[in-house]
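A.B. asks: what's the 3D shape of this:
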Amino acid sequence: MEFSVKSTAAGTSARAGLITTDHGQIETPIFMPVGTVGAVKAVHMSELRDDIGAQIILGNTYHLYLRPGMDIMRRAGGLHRFNSWRGPILTDSGGFQVFSLASQRKLSDEGVTFRSHIDGSKHLFTPERVVDIQRVIGSDIMMALDECTPGTADRSYARRSLSLTERWLRRGWEHFNTTEPLYGHRQAFFPIVQGCVYKDLREESARMVADLGAEGNAIGGLAVGEPTEVMYEMIEVVNDILPQDKPRYLMGVGKPENILEAIDRGVDMMDCVMPTRNGRNAMLFTRHGVMNMRNRKWADDFSPLQEDGPSVVDRVYSKAYLRHLFIAQELLAMQIASIHNLAFYLWLLKEARRHIIAGDFNVWKAQMVIDVQRRL
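C.D. replies: Predicted structure coming up:
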């Protein structure tokens with residue numbers, strides 16, 4: 001994987017870059033739609049590519065390991081062939097499930113033992129096994145196994161958690177460097193900075209991650225319960241240490257305004273389930289604000305979802321029609337809303353890149369942060 005910075009925004013840490021993988025190039029800053037089990041919910045691959053403009057999507061190691069399983073994945077020739085997505089893919093290591101499935105896992109120095117949320121069976125994820133699984137999945141970018149600590153964790157817990165994550169990282173990095181890809185394309189390994197909300201722990205983790213010299217680096221353990229301003233502070237602390245010539249991936253963030261603030265602080269890559277999850281629950285994000293499509297006010301509004309919207313669904317379907325579909329519990333409502341939201345997120349980051357290159361990112365971002373938070 002290769003990365004180059006093409007332009008920077010004066011007065012901020014925002015930058016426009018280019019990532020090159022064997023499955024294609026990615027213009028940064030970039031938002032990555034989440035396809036946990038090999039599919040972005042309610043969206044076809046052709047829609048992701050043609051209507052939404054996605055350049056890279058995500059898969060999840062834990063979920064794909066359980067279903068369809070690695071035997072099927074290997075026989076299919078990896079996730080690219082299995083799900084017919086021809087662009088780059090990034091896979092999470094299962095570290096977020098350490099957080100989200102806390103009642104169903106047990107941590108040890110060896111790794112994390114999960115009890116499957118499907119059938120209750122037990123499975124051990126070690127740092128080495130997580131690399132092996134992601135070799136079978138064949139993602140272009142794989143993540144290190146880590147513990148994602150809650151944003152409200154006390155310092156003692158955060159210290160122990162970071163020490164465990166660091167030991168896992170050393171083992172995972174060594175195993176990655178002594179194994180080979182399975183399908184003829186290169187794979188990159190991203191270590192993850194942890195440390196909760198404690199500046200010195202974040203600094204320690206960022207220094208260790210930077211010293212590895214990996215092809216890119218990730219920032220984890222944010223947007224998990226801590227105040228928003230603390231999240232921004234931790235991004236700044238970490239990005240002051242992570243190398244300038246490697247892409248920085250902020251995991252699991254977030255709302256449009258959070259994304260803009262992260263770009264301002266030097267983040268290149270982001271992902272979140274919010275566009276599709278909120279879309280399935282009738283919330284639309286637009287450049288003018290947020291719409292709840294179940295509200296009575298849209299019942300006889302026959303104007304397009306967004307006349308200047310980036311996706312074909314914005315201009316084809318009216319607000320009244322989409323509200324009707326949600327009230328009628330029609331599945332098409334979730335598809336339209338998901339396409340709209342993802343297209344908006346991709347448009348937002350494309351615009352951020354354009355304004356970074358044009359030299360007016362500061363002015364544009366200040367107004368856009370206000371606009372996207374309005375309730376329409």
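A.B. asks: domains in this structure, as residue ranges please.
C.D. replies: 29-271, 279-372 (automatic domain parsing).
A.B. asks: among these, which is nearest residue 3?
C.D. replies: For the domains of the chain, the distance to residue 3 is smallest for domain 29-271, at 4.9 Å, taking C-beta to C-beta. Every C-beta, even on glycine, is put in place using the N, C-alpha and C of the backbone.
A.B. asks: So for the closest one, mean pLDDT?
C.D. replies: The average pLDDT within domain 29-271 is 95.
A.B. asks: any idea what sits nearest residue 256, other than its immediate chain neighbours?
C.D. replies: residue 372 (4.1 Å; C-beta to C-beta, 6 or more residues apart in numbering).
A.B. asks: dump the residue contacts of the residue nearest to the spatial centre of the chain.
C.D. replies: By C-alpha atoms, centre = their mean, the mean C-alpha position of the chain lies nearest to residue 271, the distance being 1.9 Å. Residues near residue 271 by C-beta atoms under 8 Å, 6 or more residues apart in numbering: 31, 32, 33, 34, 58, 90, 251, 252.
A.B. asks: make it 7 Å
C.D. replies: Applying C-beta atoms under 7 Å, 6 or more residues apart in numbering, one finds that residue 271 lies in contact with 31, 32, 34, 58, 251, 252.
A.B. asks: before we move on, back to that, need the pLDDT of the residue nearest to residue 256.
C.D. replies: pLDDT, read off for residue 372, is 98.
A.B. asks: helices or strands up against the helix ranked longest in the chain?
C.D. replies: Secondary structure of the chain read by DSSP state H shows that its longest helix is helix 331-358. The contact analysis (3 or more C-beta pairs under 7 Å, 6 or more residues apart in numbering; DSSP states H and E) places helix 331-358 against strand 15-21, strand 30-32, helix 256-264, helix 274-280, strand 283-286, helix 312-316, helix 319-327, helix 361-372.
A.B. asks: mind checking which of these is nearest residue 342?
C.D. replies: helix 274-280 (4.9 Å).
A.B. asks: And that closest one, what does it pack against?
C.D. replies: Judged by 3+ C-beta pairs under 7 Å, 6+ apart, helix 274-280 is in contact with helix 331-358.
A.B. asks: The helix it packs on: which residues count as buried?
C.D. replies: 333-353, 355-356 (16 or more other C-beta atoms under 10 Å).
A.B. asks: Could you double-check that the residue nearest to residue 256 sits in contact with residue 258?
C.D. replies: No: look at residue 372 against residue 258 with C-beta atoms under 7 Å: they stay out of range, at 10.0 Å.
A.B. asks: Would you map the helices across the stretch 1-150 of the chain?
C.D. replies: Assigned helices in the stretch 1-150 of the chain, in chain order: 45-46, 61-66, 70-76, 79-83, 95-100, 127-137 (criterion: DSSP state H, counting those that start in this stretch).
A.B. asks: Dump these to CSV, plus mean neighbour count and distance to residue 213.
C.D. replies: Converted to CSV, the helices of the stretch 1-150 of the chain look like this (neighbours: other C-beta atoms under 10 Å; distance: least, C-beta to C-beta, whole Å):
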stretch, mean neighbour count, distance to residue 213
helix 45-46, 14, 34
helix 61-66, 23, 23
helix 70-76, 14, 29
helix 79-83, 19, 27
helix 95-100, 21, 21
helix 127-137, 23, 17
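A.B. asks: So for residue 20, which of the ones you listed sits nearest?
C.D. replies: Residue 20 sits nearest to helix 79-83 of all these, at 16.6 Å, using C-beta to C-beta.
A.B. asks: Point out the other elements, helices or strands, that that closest one touches.
C.D. replies: Contacting helix 79-83 under the criterion 3+ C-beta pairs under 7 Å, 6+ apart are the following elements: helix 70-76.
A.B. asks: Surely residue 21 is in contact with residue 139?
C.D. replies: No: at 9.9 Å, residue 21 does not count as touching residue 139 under the criterion of C-beta under 7 Å.
A.B. asks: Which one's more surrounded, the two?
C.D. replies: The neighbour comparison of residue 21 against residue 139 (other C-beta atoms under 10 Å) goes to residue 139, with 30 against 23.
A.B. asks: what's the more buried one in contact with, if anything?
C.D. replies: Residues near residue 139 by C-beta under 7 Å, 6+ apart: 59, 79, 89, 90, 91, 187.
A.B. asks: How are the strands of the stretch 151-300 of the chain distributed by residue range?
C.D. replies: Assigned by DSSP state E, counting those that start in this stretch, the strands in the stretch 151-300 of the chain fall at 188-190, 192-193, 217-219, 248-250, 269-271, 283-286, 289-292.
A.B. asks: ok, what's across the strand from the residue nearest to the centre of the chain?
C.D. replies: Per DSSP bridges, the residues bridged to residue 271 are residue 32.
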